[in-house]
Every structure is written in C-alpha cells, then in structure tokens.
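Output the structure for:
(3 chains)
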Amino acid sequence: MKTYFAASAFALAATTASAQDVSTTLPSAVGQVAPALEAYSTDGLIGDVWSGEQMSMRDRALVTFAALMTRHETENLGSYVELALDAGVTPAELSETITHLAFYTGWGNATAAAEAMAPVYEARGVTAEDLPAVDPELLGYDEEAEASRQDFVQSTYGDVSQGVVDTTEQMLFLDLWRRPALEPRDRSMVTVAALIAAGQPEQMTFHLNRAMDNGMTQEEAGAMLSHLAFYAGWPKVFSAMPVAKDVFENRGS
Amino acid sequence: MKTYFAASAFALAATTASAQDVSTTLPSAVGQVAPALEAYSTDGLIGDVWSGEQMSMRDRALVTFAALMTRHETENLGSYVELALDAGVTPAELSETITHLAFYTGWGNATAAAEAMAPVYEARGVTAEDLPAVDPELLGYDEEAEASRQDFVQSTYGDVSQGVVDTTEQMLFLDLWRRPALEPRDRSMVTVAALIAAGQPEQMTFHLNRAMDNGMTQEEAGAMLSHLAFYAGWPKVFSAMPVAKDVFENRGS
Amino acid sequence: MKTYFAASAFALAATTASAQDVSTTLPSAVGQVAPALEAYSTDGLIGDVWSGEQMSMRDRALVTFAALMTRHETENLGSYVELALDAGVTPAELSETITHLAFYTGWGNATAAAEAMAPVYEARGVTAEDLPAVDPELLGYDEEAEASRQDFVQSTYGDVSQGVVDTTEQMLFLDLWRRPALEPRDRSMVTVAALIAAGQPEQMTFHLNRAMDNGMTQEEAGAMLSHLAFYAGWPKVFSAMPVAKDVFENRGS
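Reported below is the predicted structural model:
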C-alpha cells in the first residue's frame, strides 16, 4: 500500500475540522482485526480523499452523513454528526437534512438519525432556536417548471396513485423543497448522495441537474462520486457514472 | 406546513388502533433535533396518511411492518409489532409474515424481526397455540398455472442453478404459498410491499397481479404505494409506479 | 413441511463445522414466535442446503458472511464469524474479506464487521501475526487486460470523475486485487456474493467471469445462487439469474 495522492495539508486550513477529526470515525476494532483496512483508512481515505480540493470538507461531511443515514448505518452515525458540525455544517442544516431525507430515503432512516443526533446536539447545547422553524416563509420557485412537472406526473400516474401525485406536489415540491433551512444546492446535493447510496441511479438525472442549476459544479459532482465510492461501495458509484456522464454531456459542459 | 388532507377521524372508528397509537412509533428524539420532521410526522403522515380511507389501518400496519422488516430497521420494530396487533393483524398472521418474508427478503431480516416480536408476544401472552402450525393442511392451488411457471423456470434456469429451480418449486410454490396462516391476498400484498421497499420493482409484476387476483383492489394498491412512499422513500415508490401502471393497464381496469 | 433433499450427512465429514454449528446462528426467538420458520431453518436451510455437496461448507460460510456483511446485518454477525472460522476459513482470509468488501460494499459495512469480529478473534487468541500484512509482496497480474480495462474506464469516465478512475486503478486493480491474503478465486467469489446481496446484478458479469477464470466452477456458482437465495432473499437471486445465465453461455459451458 502506498500513498495515492499528493499531500494537501493546506486544503484543511479552511475549516475547523481536520483529517484527525475524520479519524475519530474509525472504530478501534478495525486495527485489531484488519490492519490493512486501517492503513487504507488512514492513508487513503482519511489522509487523502477527505483533503481533496475538488470538494470542501464541509460538503464531504454533509454527503457522507447523507449516505450513511440512507444506508441506516446508525451505530456509528453520532461520530459523523460531530464531524459534520466541526466541518461547518450548521445544526439547522443537519436537522433539515434528516427532514428532507425522511421523504427521500424513508422515515425510519430519519428517525434513527434523529436518535444519533440528539445526544450530540444536547452535549453541544443546541436548542430549539438553533433549529429550522416548522412554518418558515417559503422560498419562491419556478412556477412554470413546477406546473410542467406536475402535469406530467398527473397525466402519467394519476390513474395509478392519486395519493402519490398529490403528496408529491403538496408536501414535496410546494413545501419541503421551498423550505429555506437548506440551500437549494445543498438540498439537491444530499438528495443525489442519497440516491447513489441507495443504488437508485435511475432517479438521479432530475436531481443532479437541479443541484448543478443551483450552483454545484461538475468538479464537485465528480469529487462526490469519488468520495462516495468509499462509503457506498464502488459498484454503487459505477452504476451512477453513466447517469452522471449523460447529465454532464447534456448540459454541454 | 399545512394540513394536506381532509380530516377523516371517523375512518379510524373501524379498528381499535388510532392515530394516537401510530404516534407511539415516533421517537422523542425527532422533536428534539428536527421539529419540522415531527410536524410532518404528526400532521401529515400520522394524522392524515394513516387515516386515509383507501386502505384499512390493518393493511397499512401490515405493509408498514413488511417494509421496515425488509429494510432491517430493527431498533424500532417492536413498536410496529404492537401497532399491527392493535390494528387487527393477528399474532398468527404477523408470525406467518416473517416466515414468508424470510424467503422473500432474506433470512436475517426474519430472525431479527423475530427478536423484535418475541418480547411483545410474551408480554401479550401469545402462546404456541396462537401461532401457525408447522405442518398445516395446505391450500389447494392452480395446478396448471404452477406447472406452466415451473416449466418456464426449469427450461430457462435449469442449467444455471437446479438448486434454485427445485427449492423455488418445492419450498415456495408447493409449500410456503399454500400455507393457510395468511390469506393469499395478504401473502402477495406483503410480498409486493417488500419488493417496493427493497427497490426491486423488476420482480413486482407477478406478485402484484397475484395480489389483485386474490382480492386486493386497485385503489388499495394505489394507496399502498402512497403509504410506502413515507416508509421506503419517494424514489423507491417512483421506480415502482411504472410497473404498477403496466399491471393496472394490462388488467384492463 | 417436508424434507426437501436427500440426507447427506457424510458431506459434512470433510470440515470441522457441522449442521449443528450452523444452528447456533439461529436466535431462539425464532422458535418462540414462528415455529414454522424454525422448522424451515432446521430442516431446509441448515439440515439440507448447508450440506449440499455442490459447494463446500467453507465456501458457504464465506459467502454467507459476505452477504450478511453487505446487508449490514450486524447484530448476529459474530456467530457467522465463528461459523466461518470453524468451517475452515482462516482468520487472515476473513480479515482480508472485510478489507476487500470495504471497497465493494462501503466502508461502514467493513468497520461494523470489524466490531463483530474483534471479540471473536480476541477470544480465540488471534494475534496480529495471524492477520494479512499491510504491505505484502503483491501478486502478479495480467498487465494487458488491466491496461485494456483502464483505457476503457479512462476514456469513458475520465471526464466524469477522474478521482474514481484513478482510485479504481491505483487502489483497487494495482493494489487490493493483488494482495495475496485471499486467493483470487475467493476474492472474486465474495465480490459476486456481495453484488447479489446488494441487488446489483448489473455489475456481476465482470466479477463472475473473473471468479470462474480463477477456478470457481459453474456448479459452485449455481450452488452459491441457491444458497444465497435464503440469505439475500429469492428476488435478489432471481434478478441475478439472467446475468449468470449469460455468463455461463458466453463461456461455452
């Protein structure tokens, strides 16, 4: 095993989190039963991938949390909550992430994530005032695009499940997506991370385009794929690569 | 956030379970770290979806249990066992559900579900007499349809894995599917719920048709999709929608 | 329920593990809430499938561990570690399996597996000397085939994520796959088992061919599909069957 990437310690200076903080997410049992895995973790994943400059450590911590929550990897999730907060994700943003991903990866993933977050938030003195409001003033939205989306879904699936059509419009696109507690770019970014982690690249096109429409760069999207290969496994990412390629090419970049 | 559905409190009168019982499945940590998620849960999911009249609360509790078991969301599964029993699923039916889904979602999901059920059954005084017999008199079956299924699988996959072909016939279609402890409609319904939750819509056509052949209505199937969107996540349901649409259209309804 | 297979007690004589050892993986709660599932487990799965002669008990224990680790079924994984070691998988091989599958099913699955393994290894006196070296002498490899693979991936995905392309070559194919702690056949076999368990048959062709190039027989591959139907669920295996069929036919066997 060698070091696969150029050292880039300066990349860490921009956040309060460091590679050392990432290493707190690695259970000691790893070194005990698999020293090689520990070495891949500390040299490759933690030492190099996390400090890659194509994506900020804050974004890496956020998409890692989204991926692990999606995979219901709850036993160690608290340490990733700590890491995300240390890397600059606000308590409100992380709270809104689980609210958002309740809809996109299932309610039980969100309630389990809440149980992992609660002791961390309590220890850090996060209070209700720090959290997203239940009934905030909603962001504006592209009414024409939404009407077009809704028309398509209504005409295609109205006869299949009017309940799905209605809740998708009323709870998701006219409400959840317009909540201001998470930037539209971040909201779409965690959605894409969740879809990759769940093995659902067939749903990714819409959300990756939306993330990039709202400011995620192609370089960041490519770095996210590389980052998530470690947390979701290479095959999940390789199944997402053709979809990302199509999106990038159709955007003409 | 607003109330998305008309109030329908009377719909609950038909069962002993109520929206209040559903609320016991929500961990208190949710309100602590994500008040918005708590509001979506109590107003939207629990207050409205669970009381939708297109599907009975008993069926909702059964397919929710099937979906959560499939997703190995074990830490909170005991509360859904309680909910299902309160909503009118019998201890025998729930027991048979885990036996059935051992084959359809993997043995470890079933053994973990058994561990979540055991303390609830013990507390409620469920005894061996209340549970499905090991060797019951089996239901009759459509011998022609089964012979046709078996011929197709044998000729297609006999050279790939005779073991799969043989166990599918002998353990599943000539035995498990004929056990009387779960109505054929319910057996197929939990199978479809499991396939949606597992992200395997490609296997759904056969089982959704079978559920509807045995009495599940299209309205119920549509309501199940809408219900499971919350528990399996929207993308899982949107990947299942085209399959359901094809099934509905091919049945001429 | 009947006994579905001919008795084959002699098949067990070749290893130190027996059907009785497999039965230790079955929680007692199963018999308490689902006697029928217990009967299917002891008569069908444990009594017959595990003693099938088409695949060794050692291989069965190894692919079962790979499948359960992939599914993050951690609460009972320690008993499968015990079973694998009793069936002849060495501590080094099992350690290398989690290192390998960290890349192929996600880091969190591997770290959770390490936590399940650590107490077993400690109780059995496994020490660092028994485990794979961090920096071993690497196996040779087919440089032409690897150059061809890399050219294809670089030209197809270099514009999508150079990070994925680079780490795939440098960490996986020039390093991980060449580590000697797991036979190439076994390394590919656990990869295929993981892909089946994860519901990713679309990635299976390459790895199943590689497993068979390195000595896995078609009979063993067919038996693995039948075995994993129990642990990953029938639908996962039925989605993998067409891929296996194509691989077998294209190999002209």
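
How about the residue located most distally from the centre of chain A: what's its closest non-neighbour residue?
Centroid-distance maximum for chain A: residue A:159 at 32.9 Å, with CA atoms, centre = their mean. Among residues not flanking residue A:159 along the chain, residue B:248 sits closest, at 6.9 Å (CB to CB, 6 or more residues apart in numbering or on different chains). The C-beta positions use only the backbone N, C-alpha and C, and glycine is treated the same way.

hang on, isn't that neighbour packed against residue A:160?
Yes. If you go by CB atoms under 8 Å, residue B:248 and residue A:160 touch, sitting 6.3 Å apart.

more crowded one of those two?
residue A:160 (24 against 18; other CB atoms under 10 Å in any protein chain shown).

Let me see the contact set for residue A:102.
A:109, A:110, A:111, B:37, B:40, B:230 (CB atoms under 8 Å, 6 or more residues apart in numbering or on different chains).

switch the cut-off to 7 Å
A:110, B:37 (CB atoms under 7 Å, 6 or more residues apart in numbering or on different chains).

quick one: which helix or strand includes the closest residue to chain B within the stretch 51-200 of chain A?
Taking CB to the nearest CB, chain B has its nearest neighbour within the stretch 51-200 of chain A at residue A:163, 3.0 Å off. Assigned by DSSP states H and E, residue A:163 belongs to helix A:162-167.

tell me which residues in that helix are buried?
By neighbour count on 16 or more other CB atoms under 10 Å in any protein chain shown, the buried set for helix A:162-167 is A:162, A:163, A:164, A:165, A:166, A:167.

would you list every one of the helices in the stretch 101-250 of chain A?
Shown for the stretch 101-250 of chain A, the helices assigned by DSSP state H, counting those that start in this stretch span residues A:107-123, A:143-157, A:162-167, A:184-197, A:204-213, A:218-232, A:234-250.

Next, format those as JSON lines and append distance to residue B:51.
What follows is these, written out as JSON lines (distance: least, CB to CB, whole Å):
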{"stretch": "helix A:107-123", "distance to residue B:51": "17"}
{"stretch": "helix A:143-157", "distance to residue B:51": "23"}
{"stretch": "helix A:162-167", "distance to residue B:51": "12"}
{"stretch": "helix A:184-197", "distance to residue B:51": "28"}
{"stretch": "helix A:204-213", "distance to residue B:51": "31"}
{"stretch": "helix A:218-232", "distance to residue B:51": "36"}
{"stretch": "helix A:234-250", "distance to residue B:51": "37"}
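
Give me whichever of those is most buried.
Highest mean neighbour count among these (mean count of other CB atoms under 10 Å in any protein chain shown): helix A:184-197, with a mean of 26.

Quick one: residues contacting residue A:22.
A:46, A:50, A:83.

any idea how far it is from residue C:172?
21 Å (CB to CB, to the nearest Å).

Equivalent analysis for residue A:52, please.
From residue A:52 to residue C:172 the distance is 17 Å (CB to CB).

ditto for residue A:192
From residue A:192 to residue C:172 the distance is 23 Å (CB to CB).

Pull the contacting residues for the residue of the stretch 51-200 of chain A closest to chain B.
Applying CB under 7 Å, 6+ apart, the residues near residue A:163 are B:52, B:222, B:223, B:226.

Compute the number of surrounding residues for the first one.
One way to gauge burial is a neighbour count; for residue B:52, by other CB under 10 Å, it gives 18.

any weak-confidence spans in the stretch 151-253 of chain A?
Residue ranges of the stretch 151-253 of chain A with pLDDT under 70: A:253.

Residue numbers of it in contact with chain B?
Along the stretch 151-253 of chain A, the residues adjacent to chain B under the rule CB under 7 Å from any CB of the partner chain are A:157, A:159-164, A:167-168, A:170-172, A:175, A:195, A:198-200, A:202-203.

Next: the stretch 1-150 of chain A.
Counting by CB under 7 Å from any CB, the stretch 1-150 of chain A sits next to chain B at A:72, A:95, A:98-99, A:102-108, A:110-112, A:114-115, A:117-118, A:121, A:128, A:131-132, A:134-135.

give me that answer again for 6 Å
A:95, A:98-99, A:102-108, A:110-111, A:114-115, A:117-118, A:121, A:131-132, A:134-135 (CB under 6 Å from any CB of the partner chain).

Thanks a lot, catch you later.
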